[in-house]
Structure formats: structure tokens, C-alpha cells
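Participant: Okay, structure incoming, though there's no sequence with it:
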């Protein structure tokens, strides 16, 4: 799952959200240097990634992309799934997506001192371009994938993946809906053990 899903799945604890959000840039036991609630968010993020990568529905989605995008297929599906979460936000939350995202951006700024350096570097762009809200549209997803492709020096070809999103749109959306219901159950149990 990509940023929006990780944040959403964290619940209402701001530090847990922040840990879950910035976990990808924190290696091994480095997480132990963060406050306890952020540590829990990092542990939750890792559990979500492990669950996701091994799940047969997620793998079914990645198979549609593997031939063209190889090991980037999983990354692309993570972004696609965030699109479907943003697009169908009202099925998962009573709070408007724009309000949820604004609260999260405020939380990041209010807790700036505990952010990783990578997160601090990314934050101005994320807020300025409103990445999380942009996930609602295929055009927004295309923009995100293009930025990600540039970080691979255009070797991943991710900038073209919105073509497959359009081609298999209903299949990806169905995969997401089935998978996300199972992921929510998994995360609710996992949070109770943190």
C-alpha cells in the first residue's frame, strides 16, 4: 500500500500515522531511536507491507503489470490501490478526504522535529502538490508515477502505467475492494497487539 492507505489504516493516533507514513525510509533497527508511538507505526507499516506482498489478490493485480514493469509492478499496484481508496473515500470515512489530508499535513508540521530527514525533504513537495488528494484522479496518479519514474532515471517506465490502469480499471478496482476489506481486518487485529 502507498501513503494514503498507510495513513488511513493507522487510525486517529497522529504519531502512529507519522511512523506508518515515514517507515519506508527507516532501515532495520533504526526505528528504535524514535518515540514509542512512532515505533509502533513503523512496525505496523512493516506488517502491512508483509501482508500485502504475500496476498493472492495483490499478486493477481501485479501479474497484469509484471511483464512490462518487472519488480516495479508491486510499487505501481500500491499507487493504484491508493487511487481506489481516494476515489471511494466516502465508503471508508465520514470525513472529507481534503479535511483528512489537511489534518495529516498539519500533524506532520506540528511534529516536524521527530520526522526523518527523508520525510522533511519530501514534505514541502507533498503539501505543495497535494499528493494525497491528487490520488483521486487517473491524471493525479499519472503525475505521481511520472515523478517516481524520474527518481529511477526513467528506467522503471512507471510513467506509462496509467495506460494499464485505464485498460484494467474495473479489475484493479475489484481487486482493491476485496483486498482492502481483508487488510482492514488484519490491521485492526495487529493494532491491538502493538
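Facilitator: Received, thanks. Note that the structure is a prediction, hence the values are computed from the model and not measured.
Participant: Pull out the buried positions in the strand or helix carrying residue 184.
Facilitator: Element membership for residue 184, per DSSP states H and E: helix 169-193. Buried residues in helix 169-193, counted by 16 or more other C-beta atoms under 10 Å: 172, 173, 175, 176, 179, 180, 183, 186, 187, 191. (C-beta placed from N, C-alpha, C; glycine too.)
Participant: helices or strands next to that helix in the packing?
Facilitator: With contacts taken as 3 or more C-beta pairs under 8 Å, 6 or more residues apart in numbering; DSSP states H and E, helix 169-193 sits against helix 3-9, helix 36-54, helix 56-69, helix 73-87.
Participant: which other helices and strands contact the third one?
Facilitator: If you count contacts as 3+ C-beta pairs under 8 Å, 6+ apart, helix 56-69 packs onto helix 73-87, helix 162-167, helix 169-193.
Participant: Save those helices as CSV, and put in mean pLDDT and distance to residue 145 too.
Facilitator: As requested, the helices and strands packed on helix 56-69 are exported to CSV (pLDDT from 0 to 100; distance: least, C-beta to C-beta, whole Å):
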stretch, mean pLDDT, distance to residue 145
helix 73-87, 97, 6
helix 162-167, 97, 6
helix 169-193, 97, 14
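Participant: Contact partners for the closest residue to residue 97 other than its chain neighbours?
Facilitator: Of all residues beyond its chain neighbours, the one nearest residue 97 is residue 89 (4.4 Å), with distances taken as C-beta to C-beta, 6 or more residues apart in numbering. Shown in contact with residue 89 (C-beta atoms under 8 Å, 6 or more residues apart in numbering): 96, 97, 100, 136.
Participant: Now do the same contact list for the last one.
Facilitator: With C-beta under 8 Å, 6+ apart as the criterion, the residues that contact residue 136 are 83, 86, 87, 89, 97.
Participant: In this model residue 85 seems to touch the last one, though I could be wrong.
Facilitator: No: using C-beta atoms under 8 Å, residue 97 makes no contact with residue 85, being 9.1 Å away.
Participant: rewinding a little: distance to residue 12 added to the helices and strands packed on helix 56-69, as a markdown table?
Facilitator: Listed next are those as a markdown table, based on distance: least, C-beta to C-beta, whole Å:
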| stretch | distance to residue 12 |
| --- | --- |
| helix 73-87 | 17 |
| helix 162-167 | 31 |
| helix 169-193 | 11 |
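Participant: Those helices: which one's closest to residue 64?
Facilitator: helix 162-167 (6.3 Å; C-beta to C-beta).
Participant: Please name every helix or strand in contact with the closest one.
Facilitator: When contacts are defined as 3+ C-beta pairs under 8 Å, 6+ apart, helix 162-167 packs onto helix 56-69, helix 73-87, helix 138-151.
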